[in-house]
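In: Generate coordinates for the sequence data below:
(2 chains)
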Amino acid sequence: MSTWRSLPAIAQDLLVLGGWLVPPALALVLGLRRYRTGALVGALLRRHAGVALIFVVLIAVATGLGLALGVQERGIRAGSAGAADRFDLLITAPGNDTGALLAAVYLQPASLPLLPGELFQRISDDPAVAMAAPLAFGDSVGPAPMVGTTAEFVRHLTGIEPADRTSDQPSPGDASPLEEGRLFQGVHEGVVGAAVTLALGQRVSPSHGVGDAVGGAHDHLKIELVGRLPRTGTPWDDAVIVPVETVWLAHGLGDGHAAGANGAIGPPFDPVRMPGVPAVVVRAESLGAHYTLRERYTNARSMAFFPAEVLTRLYRVLGDVRRLMTLLSGITQVLVVIAIGVALSILLRGFSRRFAMLRALGAPRRFVFALVWCYATILLLAGALAGIGVGVLSARWLAERIAATSGVHVPVSLSLSDLLTPAMLAGLSVLLATLPAFRLARRPIVADLRG
Amino acid sequence: MRSSSASDAPPAARSTVSDPALVPPGALVVRDLCVRATSGRVLLEVGALDIAHGEFVVLAGPSGAGKSTLLFALAGLQAPQAGSIRWGGTEIATLGEAARARFRAERVGLVFQDFLLFDELPALDNAALTGSWRAHAAAATLRRRAAELLAWLGLDAHDTRPVSTLSGGERQRVAVARALAMDPQILLADEPTASLDREAADRLVLTLRRIIDERRRTVVVVSHDPALIEAADRTVRLVDGRPCGVAP
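Out: This is a model prediction of the structure:
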């Protein structure tokens, strides 16, 4: 047991996989070569090709669903975690951290209380804070949610940091964070996510609300789209991103700057004139400082949390659901295996005269056993193999649906551990296939010959 | 053709009973044979039946008379409750299942009423079917012999079409080739002409006659077919599971 535990996970997976698949595969090769059952197995498969195909499809679906569930669940975890990757620490008004996370990271419509400007200023001036970006949402441009923030956060979101972190304005040495165009430089400019279909140069007016909750239009405000972000695989790919001042202006709350700022965007803001923001994304100067900041800003006035913490809680729920679905899928698979076993027995009974003829001609029982077992094993292994394809394809299809509805890129990748369940199912089925093979090899010859 | 009682056997067969080692492999001696159904009902009772090596015998009689039961017992497919079935020097009534299977594989060719071929396979694969469970060398020899037999029976050994596309007569000849492919001393056939039209049946009768004349094999056939009865050396009539030996 200790040797087993000392093995790397991949070695354990390989051994388990081999344990389930190698013995039946070897037995199959032996059965086909030692007794040359290949031609006869081929004849049996062709005899009821339609039924054989239905068997394979049934096994493939039963196997594939279980596999897709695992792949999809892992993909959702990776995708959602990836989407939250750039949101190191979120600070919001006290309340529901899950709702705040969904609103800030996944841009889901939510009504969040505002953090006062004075508190934002304190966060921004905190020596442990490297970046404090306000997020303002609640409006939309067509189907795309509109988010107000700073240019610095847009660069942070795309993973390209400015060379000079002390300034919100790009310096000549900075790489462009955009796929196309440039960053916004005034309150009447905005950039779009990679998946937004609006064209650059287009002038748009935001509407109040998002999705089904769209209310009146802010027709007085025209925003020119000047840049397009590279694909991030997050819901922000579907968003229109504007300076946070634009959102405030749209709601008639001023621009958050001191008088005489002359339309400047980005920090510093005037804490008195700043209307407040629903969320602030904070990046600390060091990894450890994030924990200090979380503690510092979790109080009666604000709530600081790591998105990963909330996601872990959600994953626990997701994990419970997955366990339930895995259980249901497992029960379904067992039922399918039983159903297939019964159907296989019925199908094989249809061949009983042929098997009786073989034995009448002198075929030893073990030959008939090998023939029946090889036939059943080929059906079962073909179904299990096809199931892997079905699983991957259905996981991909689901991932595309999720990406289309939420904007979260769900990576679909097959790992060795995903193959363990299909391998176990195939191994068990192949073992079960010995039962009809044994029974048919021992049936009374004369009774079967007489039909 | 002549009709005979069970005891009216050729002297060659009767004389060898006392010295089994000298009995030709295709000679049959049956004594006090009794086959019962699982219910205990007697299906077959044969006091004595001798068939000489190279003889062509038809088992005739009404339905339910026990013809097929006798044929299956002679093939070692139906274990008797009592009595002796001796083919050459081999007593098969007391053999175990595996030994009887070996006996059939080496000594007996079987032909069935409805051919019982693998319809999806071509003629040669069907004719060489019994090579599937033999050693490679034996299987190769058997396949060569099967090809020769198909040609001897007027079929194309290289025809790759599945046998389901062949006529009934052709399929039955494939079945005969399969039965003869391992060069057995004994050919047992159960109603081999029943599924054939007259022309194909007559051709099969000629084929069976050729097997006797050219290959000196013992042929025992269950049949009602007058043409087969006419072609046989002898007809054994069965009524209610007992040979009655009365000509129709």
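In: Using the three-state scheme, assign the residue in chain B positioned nearest to chain A.
Out: Nearest residue of chain B to chain A (CB to the nearest CB) works out as B:A105 at 2.6 Å. For the C-beta atoms, the positions are set from N, CA and C on the backbone; glycine is no exception. Of the three states, B:A105 takes helix under DSSP: H, G, I helix; E, B strand; the rest coil.
In: residues contacting it?
Out: A:361-363, B:130, B:133, B:182 (CB atoms under 8 Å, 6 or more residues apart in numbering or on different chains).
In: Tell me which stretches of the stretch 151-300 of chain A form strands.
Out: Under the criterion DSSP state E, counting those that start in this stretch, strands of the stretch 151-300 of chain A are mapped to A:180-181, A:189-192, A:203-204, A:207-208, A:223-228, A:240-243, A:279-284.
In: weakest of these in terms of mean pLDDT?
Out: For these, the weakest mean pLDDT is recorded on strand A:207-208, namely a mean of 80.
In: For A:V281, which residues are in contact?
Out: A:86-90, A:104, A:131-133, A:135, A:149, A:153, A:156.
In: Strands - which of those land there?
Out: A:89-90, A:131-133, A:135, A:149 (DSSP state E).
In: if we can go back for a sec, between the contacts of A:V281, which sits nearest chain B?
Out: Using CB to the nearest CB, A:R86 is the member of those that lies nearest chain B, at 62.0 Å.
In: now that closest one, nearest residue through space, not along the chain?
Out: Leaving aside its chain neighbours, A:R86 sits nearest to A:L157 (5.3 Å; criterion: CB to CB, 6 or more residues apart in numbering or on different chains).
In: Retrieve the pLDDT associated with the one you found.
Out: At A:L157, pLDDT is 84.
In: Point out the least confident member of the contacts of A:V281, please.
Out: A:R86 (82).
In: Confirm for me that that residue is in contact with A:G159.
Out: Yes - counting by CB atoms under 8 Å, A:R86 does reach A:G159; the two are 7.4 Å apart.
In: between those two, which one's more packed in?
Out: Between A:R86 and A:G159, counted using other CB atoms under 10 Å in any protein chain shown, the more crowded position is A:R86 (18 against 11).
In: helix/strand/coil for the residue in chain A that chain B sits nearest to?
Out: In chain A, the residue that lies nearest chain B is A:G362 (2.6 Å; CB to the nearest CB). Taken by three-state DSSP, the conformation at A:G362 corresponds to coil.
In: Now it. Nearest residue, chain neighbours left out?
Out: The shortest distance from A:G362 to any non-neighbouring residue, by CB to CB, 6+ apart, is to B:A105 (2.6 Å).
In: Would you quantify the distance from the one you found to B:A175?
Out: To B:A175, B:A105 is 17 Å away according to CB to CB, to the nearest Å.
In: Endpoints of stretch A:399-414, how far apart?
Out: One end of stretch A:399-414 sits 13 Å from the other (CA to CA, to the nearest Å).
In: for that stretch, which positions count as buried?
Out: A:399, A:402-403, A:406-410, A:412 (16 or more other CB atoms under 10 Å in any protein chain shown).
In: Redo the contacts of B:A105 as JSON lines? Include pLDDT.
Out: Converted to JSON lines, these look like this (pLDDT from 0 to 100):
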{"residue": "A:L361", "pLDDT": "94"}
{"residue": "A:G362", "pLDDT": "92"}
{"residue": "A:A363", "pLDDT": "92"}
{"residue": "B:T130", "pLDDT": "91"}
{"residue": "B:W133", "pLDDT": "88"}
{"residue": "B:M182", "pLDDT": "88"}
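In: Now list the buried members of the residues you listed.
Out: Judged by 16+ other CB under 10 Å, buried ones among the contacts of B:A105: A:361-363, B:130, B:133, B:182.
In: Dump the residues you listed to CSV, plus distance to A:A199.
Out: Shown next, in CSV, are the buried ones among the contacts of B:A105 (distance: CB to CB, whole Å):
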residue, distance to A:A199
A:L361, 78
A:G362, 80
A:A363, 75
B:T130, 77
B:W133, 74
B:M182, 82
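In: ok, which stretches of chain B are strands?
Out: Under DSSP E, chain B gives strands at B:3-4, B:28-36, B:42-51, B:56-60, B:82-87, B:90-91, B:108-111, B:186-190, B:218-222, B:234-239, B:242-243.
In: show me what contacts the closest residue to A:M274 other than its chain neighbours?
Out: Leaving out its chain neighbours, the residue that sits closest to A:M274 by CB to CB, 6+ apart is A:G117, at 2.7 Å. Contacts of A:G117 were listed using CB under 8 Å, 6+ apart, and they are A:256, A:269-277.
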